[in-house]
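*Asks:* sequence and computational prediction follow.
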Amino acid sequence: MNQVERFARRCERERSARNQAERLLEEKSLELYHANVGLKQLARDLAEKEQRSSSILDAAVDGIVTVDEQGRIDSFNHAAEMIFGCSQKEAIGLDFSLFMESDEMNGGSIGDLSVGVLGNRTMIREINGKRSDETIFPMDLALSETYLGERRLLILVIRDISQRKQAELERVKMELQLRQAQKLEAIGQLAAGIAHEINTPTQFVSDNTSFLQDAFQDIKKLCGFRHRVIEAVEADTLTPELIETAKAVADDIDIDYLHDEIPEAIEQSLEGLRRIKKIVGAMKEFSHPGTEEKSCIDINQAIRSTVEVSRNEWKYFAEMVLELDPALPATPCLPGELNQAILNLIVNAAHAIEDQAEDDSDSLGTITIRTLKRDERVEIKVTDTGCGVSEDISGRIFDPFFTTKQVGKGTGQGLAIAYSSIVDRHGGTIGLESEIGRGTTFTITLPVNMASVKTG
Amino acid sequence: MKGIVFSEFLEFVEQQFGADFVDDMIELADPASRGAYTSVGTYDHKEIIQLVVALSELTKIPGSDLVVIFGKHLFGRLAATYPQLLEGAETLFPFLQSIENHIHVEVRKLYPDAELPQFTCDFPGPRQMSMTYHSKRPFADLAQGLIEGSLDHFNEDITIEREELPVVDGFSTRFLLTRQ
């Protein structure tokens, strides 16, 4: 092969390689063009998605904020601007902890709060937020995390719960007012009965006192003659006429009758006064001034007082049987609220017996109140022999305003308030067992241990 | 196989044996592409084997030796053309480790259809590194040449022992590198 032929071959190889390279270049150019078109479309799609996401974020009612691992704000939606009173422009790059109340009780920094946030698991905390004007407000903070490549972002969803909290406060206030109103209603309802209970002994104390007043006048008269007889004896001027006159006065005032009746009148009066004292004492105990602090009380004594003040509510329909465990320990309670709950159950029992007794009004029913200690709880059972509660309404019996009584006889608040008082305020339980036509037993349990008592 | 291997091979032959050898080798090998290669093209790997066999016949040097020497040459050319591939590597072992997880990843970005060999690395001793070549094609000699080229680049006192492994789903060869 000569040099010319070799050169020609080399040229041919170079030309062929150049053609291949040009063809490849064209192919790659075309690929690049298509890739560019695809990228532009992708960019448009991404811009649309970005716009859509941004619109959704800005339309959201909740504040949505993303922060980096150092707690610096990465994005801040419109609702967040409204909640914190700070524009997105001002907020980006700031430490989110600036928008939280700096109080240890508030959970620390956003970094501290985010400990334990993993993947899609959302952690929700109620903390205090801080607006740009430094006002503090309650907020629900939902924390979750996401990763943009290697970069960890925390997603914070913030809900301003100021209004909800205000509404809760209003509700609690309303409940307190309602409880107070119910207590006043109960006291008003009891007042007539209590007046009657006090009136009876007052009446016979009054009668006996009148009798004693008259008797005293008679005895004073007799004493006057007796004094004249003694003077006549001392002056040796006693006459048979004077003796006869004195005897006639003694006969006239019936001294033997007074001798028998006066001690009895005094005893009856004392008994009447004791009775009044007992009723007044029970009333005083029942209307224990409302307190928000629990104190350890004698539940049996509370029941006795409540039974006493409510006597007029049940005595025409039922006998009251108390089977109170003398070994019952002092139990942490809100005394006024517990008395109210027991009163409501007694009144309810009396009404149930009254309803049952309508056909046979001569016989009395029975209300039995038992107490006993069961493990770490005190149990109070109020059983009546009344009309009973049907299964279809037993589930609603603790609902506020639910009543089966005639208009004017019940507001439907009694059992609802008993439930709220026992369950919410004492951390106890209340339930019922009932049989139509046979009666109902309400069972209250209260924790004995102060530590296990939830403060309502 | 990527065209850069072919075009560099022709360069290597021309440098080592003269331009006429290139013509003679191509004429003797008679590859399908007729010896016209561009570095951005892709060619049947059998052509390089044909070329090596022809060169071996012309030079009377064993083909495997020729491929190892070419591998060393190729490493130098790649290092000069793509210096970024060596950035951050100060010694041989980390560089060889980066081939599978870094260099091959970058190659695939440019050439998604590239059929690259696999390298698995482990460290059987405190001063040793084992690098196993696995490919559907028998180019362990080229791998050896590339390793030797990189060893020259880092200028470390390291010995290379080669062990052929049983052929299972392709060709496998283990290179045991021991730092002295």
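*Replies:* That came through fine. The structure displayed is predicted, hence computed values, not measured ones.

*Asks:* where do the helices sit along chain B?
*Replies:* For chain B, the helices defined by DSSP state H occupy B:3-17, B:19-29, B:45-59, B:63-81, B:92-98, B:104-110, B:140-154.

*Asks:* pretty sure B:A54 sits against B:L28.
*Replies:* Yes: at 4.0 Å, B:A54 counts as touching B:L28 under the criterion of C-beta atoms under 8 Å. For glycine as for every other residue, the C-beta is placed from the backbone atoms N, C-alpha and C.

*Asks:* the two: which is more packed in?
*Replies:* More crowded of B:A54 and B:L28, by other C-beta atoms under 10 Å in any protein chain shown: B:A54, with 21 against 14.

*Asks:* how much space is there between that one and chain A?
*Replies:* Per C-beta to the nearest C-beta, to the nearest Å, B:A54 is found 15 Å from chain A.

*Asks:* who's in contact with that residue?
*Replies:* For B:A54, the contact set (C-beta atoms under 8 Å, 6 or more residues apart in numbering or on different chains) comprises B:24-26, B:28-29.

*Asks:* which SS state does A:C296 fall under?
*Replies:* Using DSSP: H, G, I helix; E, B strand; the rest coil, the structure places A:C296 in strand.

*Asks:* whoops, I mixed them up, A:E323
*Replies:* A:E323 is classified as strand under three-state DSSP.

*Asks:* identify the bridge partners of it.
*Replies:* A:R370 (DSSP bridges).

*Asks:* that one touches A:I367, doesn't it?
*Replies:* No: counting by C-beta under 8 Å, A:E323 does not reach A:I367; the two are 11.4 Å apart.

*Asks:* near chain A, from the contacts of B:A54?
*Replies:* B:I26 (C-beta under 8 Å from any C-beta of the partner chain).

*Asks:* deepest-packed of the helices of chain B, please.
*Replies:* Mean neighbour count (mean count of other C-beta atoms under 10 Å in any protein chain shown) peaks for helix B:140-154 among the helices of chain B, with a mean of 21.

*Asks:* among the helices and strands of chain B, which has the poorest mean pLDDT?
*Replies:* In chain B, no helix or strand scores lower on mean pLDDT, DSSP states H and E than helix B:104-110, which sits at a mean of 85.

*Asks:* which residues of the stretch 301-450 of chain A fall in strands?
*Replies:* A:318-324, A:331-333, A:365-374, A:377-384, A:429-435, A:439-447 (DSSP state E, counting those that start in this stretch).

*Asks:* just name the most buried of these.
*Replies:* Highest mean neighbour count of the strands of the stretch 301-450 of chain A: strand A:331-333, a mean of 24 (counted as mean count of other C-beta under 10 Å).

*Asks:* give me the contact list for it.
*Replies:* Outside strand A:331-333, the residues that touch it by C-beta under 8 Å, 6+ apart are A:294-297, A:299, A:302, A:378, A:426, A:446-448, A:450, A:453.

*Asks:* could you list the alpha-carbon positions for stretch A:39-58 in PDB?
*Replies:* Taking Å, rounded to 0.1, in the frame of the first residue of the first chain, the C-alpha atoms of stretch A:39-58 are listed here in PDB:
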ATOM      1  CA  LEU A  39     -38.900  21.500  30.100                       C
ATOM      2  CA  LYS A  40     -40.800  24.600  29.100                       C
ATOM      3  CA  GLN A  41     -44.100  22.600  29.500                       C
ATOM      4  CA  LEU A  42     -42.800  21.300  32.800                       C
ATOM      5  CA  ALA A  43     -42.000  24.800  33.900                       C
ATOM      6  CA  ARG A  44     -45.500  26.000  33.000                       C
ATOM      7  CA  ASP A  45     -47.000  23.000  34.800                       C
ATOM      8  CA  LEU A  46     -44.900  23.700  37.800                       C
ATOM      9  CA  ALA A  47     -45.800  27.400  37.700                       C
ATOM     10  CA  GLU A  48     -49.500  26.500  37.600                       C
ATOM     11  CA  LYS A  49     -49.000  24.100  40.500                       C
ATOM     12  CA  GLU A  50     -47.100  26.700  42.400                       C
ATOM     13  CA  GLN A  51     -49.900  29.200  41.700                       C
ATOM     14  CA  ARG A  52     -52.600  26.700  42.700                       C
ATOM     15  CA  SER A  53     -50.700  25.700  45.900                       C
ATOM     16  CA  SER A  54     -50.100  29.400  46.700                       C
ATOM     17  CA  SER A  55     -53.800  30.200  46.100                       C
ATOM     18  CA  ILE A  56     -54.900  27.300  48.400                       C
ATOM     19  CA  LEU A  57     -52.400  28.300  51.000                       C
ATOM     20  CA  ASP A  58     -53.600  31.900  50.900                       C
END
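
*Asks:* for that stretch, what does the pLDDT average out to?
*Replies:* Stretch A:39-58 carries an average pLDDT of 92.

*Asks:* which of the residues in that stretch are buried?
*Replies:* A:L57 (16 or more other C-beta atoms under 10 Å in any protein chain shown).

*Asks:* say whether chain B is contacted by it.
*Replies:* No: Stretch A:39-58 stays clear of chain B (C-beta under 8 Å from any C-beta), getting no nearer than 15.4 Å.

*Asks:* how far out from the middle of the chain is that stretch?
*Replies:* In this view, stretch A:39-58 has its centroid 50 Å away from the chain centroid, taken as C-alpha atoms, centre = their mean, to the nearest Å.

*Asks:* roughly how far apart are the nearest residue in space to B:G76 that is not next to it in sequence and B:R77?
*Replies:* In this structure, B:G76 finds its nearest non-sequential neighbour in B:G149, 5.9 Å apart by C-beta to C-beta, 6 or more residues apart in numbering or on different chains. Taking C-beta to C-beta, to the nearest Å as the measure, B:G149 falls 9 Å from B:R77.

*Asks:* likewise for A:P335?
*Replies:* As judged by C-beta to C-beta, A:P335 and B:R77 stand 97 Å apart.

*Asks:* cool, and B:A114?
*Replies:* Applying C-beta to C-beta, the value for B:A114 to B:R77 is 18 Å.

*Asks:* coming back round to it: can you flag the weakest of the helices of chain B by average pLDDT?
*Replies:* Confidence, taken as mean pLDDT, is least for helix B:104-110 of the helices of chain B (a mean of 85).

*Asks:* before we move on, the earlier item: could the strands of the stretch 301-450 of chain A be laid out in a markdown table, adding mean pLDDT and distance to A:Q70?
*Replies:* Output for the strands of the stretch 301-450 of chain A, formatted as a markdown table (pLDDT from 0 to 100; distance: least, C-beta to C-beta, whole Å):
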| stretch | mean pLDDT | distance to A:Q70 |
| --- | --- | --- |
| strand A:318-324 | 95 | 65 |
| strand A:331-333 | 90 | 48 |
| strand A:365-374 | 94 | 56 |
| strand A:377-384 | 95 | 51 |
| strand A:429-435 | 91 | 49 |
| strand A:439-447 | 93 | 47 |
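
*Asks:* quick one: name the residues of chain B near chain A.
*Replies:* Applying C-beta under 8 Å from any C-beta, we find that chain B lies next to chain A at B:7, B:19-20, B:23, B:26-27, B:33-38, B:40-41.

*Asks:* pick out the most distant pair among those.
*Replies:* With C-beta to C-beta as the measure, no two of those lie farther apart than B:D20 and B:V40, at 26.9 Å.

*Asks:* not counting residues beside it along the chain, what's closest to the residue in chain B that chain A sits nearest to?
*Replies:* Here chain B gets closest to chain A at one residue, B:A36, 3.3 Å apart by C-beta to the nearest C-beta. Of all residues not flanking B:A36 in the chain, A:S16 sits nearest, at 3.3 Å (C-beta to C-beta, 6+ apart).

*Asks:* so which elements touch the strand or helix carrying the one you found?
*Replies:* In this structure, A:S16 sits in helix A:3-59 according to DSSP states H and E. If you count contacts as 3 or more C-beta pairs under 8 Å, 6 or more residues apart in numbering or on different chains; DSSP states H and E, helix A:3-59 packs onto helix A:78-84, helix B:19-29.
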